[in-house]
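Trainee: just need the structure, nothing else, for what follows:
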Amino acid sequence: MTGPTHTPTPPVVPGALGTSIDDLTAAVEAGTASAGRLLGLPELPGDGVWVDIAGAAAVVGVASQTITGWVNSNAPQELPFPAPQRILYRLYWPLADIQGWMGARPPR
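Mentor: This next block holds a predicted model:
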């Protein structure tokens, strides 16, 4: 007895991480980054948008592992990275918090 044939789901097409970060950075700079409402995130006042670790990394210009390290160790020492909000098992920041941190950050 034979059943219906199964057509496997095609694998996800991998994208270059650098391209994704560049696209996100361009969207942030252009002011076209999506507000996280479609992701189930709370509405932020005004034109506020949420960023996750990848978004924070794109805005700050560091690797996502650097953001994770800063959050886990309350670093950098001179001005710790803003504390994230855990929403739906992920970490998010209001973009304004990241931008404010960057503005207050001592020059390197």
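
Trainee: what's the spacing between residue 76 and residue 42?
Mentor: Taking Cβ to Cβ, to the nearest Å as the criterion, residue 76 is separated from residue 42 by 28 Å. Backbone N, C-alpha and C define where each C-beta goes, glycine included.

Trainee: same drill for these two, tell me which one is more crowded.
Mentor: When residue 76 and residue 42 are compared for neighbours, residue 76 comes out ahead with 15 against 12, by other Cβ atoms under 10 Å.

Trainee: am I right that that one is in contact with residue 70?
Mentor: Yes. The pair residue 76 and residue 70 qualifies as a contact (Cβ atoms under 8 Å) at a distance of 6.5 Å.

Trainee: where does residue 67 fall, secondary structure wise?
Mentor: With the criterion set as DSSP states H and E, the secondary-structure element containing residue 67 is helix 64-73.

Trainee: residues in contact with that helix?
Mentor: The list of residues contacting helix 64-73 from outside it, by Cβ atoms under 8 Å, 6 or more residues apart in numbering, reads 53, 54, 56, 57, 60, 75, 76, 80, 81, 83, 84, 91.

Trainee: the third one: what's it in contact with?
Mentor: Applying Cβ under 8 Å, 6+ apart to residue 56 gives the contacts 64, 67, 93, 98.

Trainee: distance check, residue 104 against residue 80.
Mentor: Using Cβ to Cβ, residue 104 is found at 11 Å from residue 80.

Trainee: now do residue 25
Mentor: Counting by Cβ to Cβ, the separation of residue 25 from residue 80 is 23 Å.

Trainee: can you check residue 95 too?
Mentor: Applying Cβ to Cβ, the value for residue 95 to residue 80 is 18 Å.
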